[in-house]
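Visitor: generate a structure from the sequence data that follows.
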Amino acid sequence: MRNEDSDLDNGEKKVILVFDTAGFLAKYHLYVSAKNIEIYTVPRVLEEVKDRESLNALEAGLVVGRVKVFKPSQSSKKSVAEKAKAIGEYISLTETDLEVAALAYELKSTHEVVVITDDYSLQNLLLSLGIPFKPLRTYGVKELRTYLVYCKNCGYVSPSGEELLCPICGSRLTRKKH
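Guide: Numbering: from 1, shown residues only. Alright, predicted model coming up:
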């Protein structure tokens, strides 16, 4: 794993890694050794790590202070949610995904930030926000995609991109590449 660290190690400048659940399931925080790298996450990610081995590794990272947990501000969450709606990703993202993106969005104004995630919808949102990401077990999103949120049954198109159910027929809304 040392070679992967060198991708992130840029000398003395501090780099913040914001972990989605995938980073902890891969136990990546145990392998990142550069001294200029700090690892952050949100409380909801901690709730998603459930298997004993990953949980033990996560707890070790928390106990030694290697992993820091922060909640993003409401204004950051709102900004990120609006961007997710604008590109049609909102209905595909969980609250955890939105909080991870919001924390990175908040930190990027003062630090170099990289999000560790394998989630394609989250990667697409990060790409639209100009926030770098590093996938661990996937190839990752290479270009920004925008989606149209609509109803397959009656053809309704969501003007906001945030509705989950069709207000006309009650069916679950879906998305297609725009």
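
Visitor: any chance you could map the strands in this structure?
Guide: With DSSP state E, the ranges of strands along the chain come out as 15-19, 37-41, 67-69, 112-116, 133-134, 147-150, 174-177.

Visitor: who's in contact with the fourth one?
Guide: Contact partners of strand 112-116, identified using C-beta atoms under 8 Å, 6 or more residues apart in numbering, comprise 8, 10, 13-20, 22-23, 28, 100-101, 104, 107, 122, 126, 131-134, 136. Where C-beta positions appear, they are placed from N, C-alpha and C, glycine not excepted.

Visitor: between the strands of the chain, which gets nearest to Asp51?
Guide: Minimum separation from Asp51 across the strands of the chain (C-beta to C-beta) falls at strand 15-19, 15.9 Å.

Visitor: other residues contacting the closest one?
Guide: With C-beta under 8 Å, 6+ apart, strand 15-19 has contacts from 8-9, 23, 28-29, 32, 34, 36-41, 45, 67, 100, 103-104, 107, 111-117, 134.

Visitor: tell me the buried residues in stretch 106-116?
Guide: Glu106, Leu107, Lys108, His111, Glu112, Val113, Val114, Val115, Ile116 (16 or more other C-beta atoms under 10 Å).

Visitor: contacting residues around the nearest residue to the first one once chain neighbours are set aside?
Guide: With C-beta to C-beta, 6 or more residues apart in numbering as the measure, Ser76 is the residue that lies nearest to Glu106, at 4.2 Å, once sequence neighbours are left out. Ser76 makes contact with Ala102, Leu103, Tyr105, Glu106, according to C-beta under 8 Å, 6+ apart.

Visitor: just flag the most distant two among those.
Guide: Going by C-beta to C-beta, the pair spanning the contacts of Ser76 furthest: Leu103 and Tyr105, at 7.2 Å.

Visitor: which neighbours do those two share?
Guide: Joint contacts of Leu103 and Tyr105 (C-beta under 8 Å, 6+ apart) are Pro72, Ser76.

Visitor: circling back: distance check, the residue nearest to Glu106 against Ile131.
Guide: According to C-beta to C-beta, to the nearest Å, Ser76 and Ile131 sit 12 Å apart.

Visitor: equivalent analysis for Ser75, please.
Guide: Ser75 sits 16 Å away from Ile131, going by C-beta to C-beta.

Visitor: now swap in Val114 and tell me
Guide: Distance of Val114 to Ile131, computed by C-beta to C-beta: 8 Å.
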